[in-house]
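Asker: Let's see this in three dimensions:
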Amino acid sequence: MLTRIDHIGMAVQNINDALRFFQDALGLELDHVALEEGGRTRVAFMPVGSSEVELVEPQDDESGLAKFLAKRGEGIHHICFEVDDIDAALARLKAHGAQLIDETPRTNAAGMRYAFIHPKSAHGVLIELYQRPATDDR
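Answerer: Below you'll find the model as predicted:
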């Protein structure tokens, strides 16, 4: 079911400010920055081995991330696990009583299918599941 930790998402108010620490102090290299979720978040991708750290910045005050930051402040937003079959993973979670934010997976611009599990079901941690397209050879 789970194949690896794909990334850890860090909620930040400002990506450029956060990059000063992650690049300068930790020495991580920025791969790229992209708009996600229909332009509601901006994400900086920094590879670490076969995983990534993602800095996620809200693009409007009404997004879920903006509400998260207002309530909890900056910090770890979610942990993302790669799965080989997201439909089977969601069915298994639902069968075990997990509260799903996404009953069916969404697809991002890169063709990755993803879904979120509510923190109430995962001991306070927002969990994201990713399934890479069959053509992605990571």
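
Asker: Poorly predicted segments of this protein, please.
Answerer: Residue ranges of the chain with pLDDT under 70: 38-39, 136-138.

Asker: OK, contacts around Pro119?
Answerer: Pro119 makes contact with Val125, Leu126, Ile127 under the criterion CB atoms under 8 Å, 6 or more residues apart in numbering. Every residue, glycine included, has its C-beta placed from N, CA and C.

Asker: So which of those residues are in helices?
Answerer: Per DSSP state H, helices hold no members of these.

Asker: Of these, grab the buried ones for PyMOL.
Answerer: Restricted to buried positions by 16 or more other CB atoms under 10 Å, the PyMOL selection for these reads:
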select buried, resi 126+127
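
Asker: For the contacts of Pro119, could you give me JSON lines that also reports distance to Leu30?
Answerer: Formatted as JSON lines, those follow (distance: CB to CB, whole Å):
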{"residue": "Val125", "distance to Leu30": "26"}
{"residue": "Leu126", "distance to Leu30": "24"}
{"residue": "Ile127", "distance to Leu30": "25"}
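
Asker: can you tell me which of the contacts of Pro119 lies nearest to Ala89?
Answerer: Ala89 lies nearest to Ile127 out of the contacts of Pro119, by CB to CB, at 10.4 Å.

Asker: Apart from its chain neighbours, what residue comes closest to that closest one?
Answerer: Excluding the flanking residues, the one nearest Ile127 by CB to CB, 6 or more residues apart in numbering is Ile117, at 4.2 Å.

Asker: before we move on, what about Ile5?
Answerer: Ser51 (5.1 Å).

Asker: same check, this time on Val33
Answerer: Ala44 (4.8 Å).

Asker: any idea how far Leu100 is from that neighbour?
Answerer: 27 Å (CB to CB, to the nearest Å).

Asker: Looking at these two, which is more packed in?
Answerer: Ala44 (24 against 16; other CB atoms under 10 Å).

Asker: For the more buried one, which residues count as its bridge partners?
Answerer: Assessed by DSSP bridges, Ala44 has beta-bridge partners Val33, Leu55.

Asker: Great, nothing more from me.
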